[in-house]
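*Asks:* return atomic coordinates for the entry below.
(one chain, ligands or ions: 1)
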Amino acid sequence: MTANLLDFDLEGLAAFCERLGHKRFRAVQLFRWIHQKGVARFEEMTDLARDLRERLPAVAHVRGLPVLAEQVSADGTIKWLFDVGDGNAVEAVYIPEDDRGTLCVSSQAGCAVGCRFCSTGHQGFSRNLTTGEIIAQLWYAEHTLRRRLKTTERVISNVVMMGMGEPLQNYHALVPALRVMLDDHGYGLSRRRVTVSTSGVVPMMERLAQDCPVALAVSLHAPDDALRDQLVPLNRKYPLDELLDACQRYLPAAPRDFITFEYCMLDGINDTPQHADALIALLRGRGGRGVPCKLNLIPFNPFPASGLRRSPREVVKAFADRLNAAGIVTTIRKTRGDDIDAACGQLAGDVLDRTRAAQRLAHRRIEVAPVRVAHPVRAKEGTV
Ligand code: SF4
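*Replies:* As a prediction, the model looks like this:
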């Protein structure tokens, strides 16, 4: 079996070349051809030593993922559905903005965490992606967009690991993929522009801080354990107190001096003024152990099996105002690609539901208990 060179970070490729009797600088050349120029055919890599060029086809290949579907939104958002075999598919979404181009990348086919509001969580878990399958999404998107835009300049400036899957539950494939993104001979992205989003896999947050400390986003979605246990089942293993302590420990290694918290706004579930106050107390209070952070409110993208509704726009605005008034920088995520189901998992969800997770989750009612504010921190008067 030949090796897919998309599976290697530069160190891995150097070791591979050494096994073939070639020096490290050959690996650098090869790496640049693949990732910077998007070239997959060895015969086109003209400055490679001829004996290496002739040897490689027998031992290696560069193979991306077959594209099953592409959807282009009126706002320029593009969503690709990639085939990863055995009936599994994963998504990547490109979101163009004036000052950046962001690619949202998947790390697993399906997801085992099973968040209540997440289309991917409703599909169950199939398998981890390989490093090559994670990088193939960026490789394809970057070079396809360059060709379409007729440019040799970089198109994708930011990567967010917020597609399908919990990236920290696929740690061994994730870290080499991040290294390819950061490598100056690869995509050359800065650590501030690569974000790993986690639902709170505490031990792996510690390891990421040591191995590859990129920007961190944490899916919070609830201000207390009782509600978060229902929305993000991983909370039963790593409750909020442990999670926030882990965030604080991550900060010294992080490329930014804050953690981004994601909060999906669910009508009547987690969006009341009491929830906002409890969130303020959680993030600012904790007996002086508050976490420097920014909060990103995400309008829920409804899908039929969820049984949940999007919070009304004015409720989201009031929630944001209350947090901002308390000194927590809070933004509302612009919805993009509404016309193409750009929320993660929705396109793949149309393709399969292999574990009946949707049925299990849809039948689980969310108990909305009165919100208890542990260490009240008051919002300023007259702001809501
Ligand atoms: S939100 Fe993320 S962690 Fe939760 S089920 Fe969806 S993909 Fe998995």
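
*Asks:* tell me which helix or strand comes right after the lengthiest helix in the chain.
*Replies:* Longest helix in the chain by number of residues (criterion: DSSP state H): helix 131-149. Next in sequence after helix 131-149, counting helices and strands by DSSP states H and E, comes strand 158-161.

*Asks:* mind giving me the packing neighbours of the longest helix of the chain?
*Replies:* The contact analysis (3 or more Cβ pairs under 8 Å, 6 or more residues apart in numbering; DSSP states H and E) places helix 131-149 against strand 78-85, strand 88-96, strand 101-104, helix 171-182. For every residue, glycine as well, the C-beta is placed using N, CA and C.

*Asks:* surely residue 111 touches residue 126?
*Replies:* No. The pair residue 111 and residue 126 fails to qualify as a contact (Cβ atoms under 8 Å) at a distance of 9.2 Å.

*Asks:* quick one: which of these two has more around it?
*Replies:* residue 111 (28 against 23; other Cβ atoms under 10 Å).

*Asks:* pull the contacting residues for that one.
*Replies:* By Cβ atoms under 8 Å, 6 or more residues apart in numbering, residue 111 lies in contact with 118, 120-121, 123-125, 164-166, 345.

*Asks:* check residue 302 too.
*Replies:* Residue 302 touches 308-310, counting by Cβ under 8 Å, 6+ apart.

*Asks:* measure it to residue 310 for me?
*Replies:* Separation of residue 302 from residue 310 (Cβ to Cβ, to the nearest Å): 6 Å.

*Asks:* which non-adjacent residue is nearest residue 252?
*Replies:* Leaving aside its sequence neighbours, residue 252 sits nearest to residue 209 (Cβ to Cβ, 6 or more residues apart in numbering; 7.8 Å).

*Asks:* gap between the one you found and residue 272?
*Replies:* 34 Å.

*Asks:* what does residue 81 give?
*Replies:* Applying Cβ to Cβ to residue 81 and residue 272 gives a distance of 37 Å.

*Asks:* compare neighbour counts for these two and give me the winner.
*Replies:* residue 81 (19 against 16).

*Asks:* and the pLDDT for that one?
*Replies:* On the pLDDT scale, residue 81 is placed at 96.

*Asks:* ok so, going back, near the ligand, which of the contacts of residue 111 show up?
*Replies:* Filtering the contacts of residue 111 for proximity to the ligand by Cβ under 6 Å from any ligand atom leaves 118, 120-121, 164-166.

*Asks:* and these, which are buried?
*Replies:* Buried members of those, scored by 16 or more other Cβ atoms under 10 Å, are 118, 120-121, 164-166.

*Asks:* and stretch 208-223, end to end?
*Replies:* End-to-end span of stretch 208-223 (Cα to Cα, to the nearest Å): 25 Å.

*Asks:* list the buried ones in it?
*Replies:* 208-209, 212-223.

*Asks:* about what we covered before: give me the lowest-pLDDT entry from the buried ones among the ones next to the ligand among the contacts of residue 111.
*Replies:* Among those, residue 121 has the weakest pLDDT, 84.

*Asks:* coming back round to it: which of the contacts of residue 302 lies closest to the ligand?
*Replies:* Each of the contacts of residue 302 was checked against the ligand using Cβ to the nearest ligand atom; the closest is residue 308, at 13.0 Å.

*Asks:* any idea how many residues pack against the closest one?
*Replies:* Neighbours of residue 308 (other Cβ under 10 Å): 19.

*Asks:* that's a strand at it, yeah?
*Replies:* No. The assignment for residue 308, made by DSSP: H, G, I helix; E, B strand; the rest coil, is coil rather than a strand.

*Asks:* pLDDT at residue 3, what is it?
*Replies:* 97.

*Asks:* I'd like the distance between it and residue 311.
*Replies:* Residue 3 is 48 Å from residue 311, by Cβ to Cβ.

*Asks:* give me the more crowded residue out of these two.
*Replies:* Just comparing residue 3 and residue 311: by other Cβ under 10 Å the higher neighbour count belongs to residue 311, 23 against 16.

*Asks:* so how far is residue 271 from the more buried one?
*Replies:* Applying Cβ to Cβ, the value for residue 311 to residue 271 is 4 Å.

*Asks:* what do these two both touch?
*Replies:* The contact sets of residue 311 and residue 271 overlap at 265, 319 (Cβ under 8 Å, 6+ apart).

*Asks:* dump the C-alpha coordinates for stretch 47-57 into CSV.
*Replies:* This file holds the C-alpha atoms of stretch 47-57, laid out as CSV (Å, rounded to 0.1, in the frame of the first residue of the first chain):
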residue,chain,number,x,y,z
ASP,A,47,12.8,20.8,-9.0
LEU,A,48,12.6,17.5,-7.2
ALA,A,49,15.6,15.2,-7.7
ARG,A,50,14.9,13.0,-10.7
ASP,A,51,15.5,9.8,-8.8
LEU,A,52,13.1,10.8,-6.1
ARG,A,53,10.5,11.9,-8.6
GLU,A,54,10.7,8.5,-10.3
ARG,A,55,10.7,6.6,-7.1
LEU,A,56,7.7,8.3,-5.5
PRO,A,57,4.8,6.9,-7.6
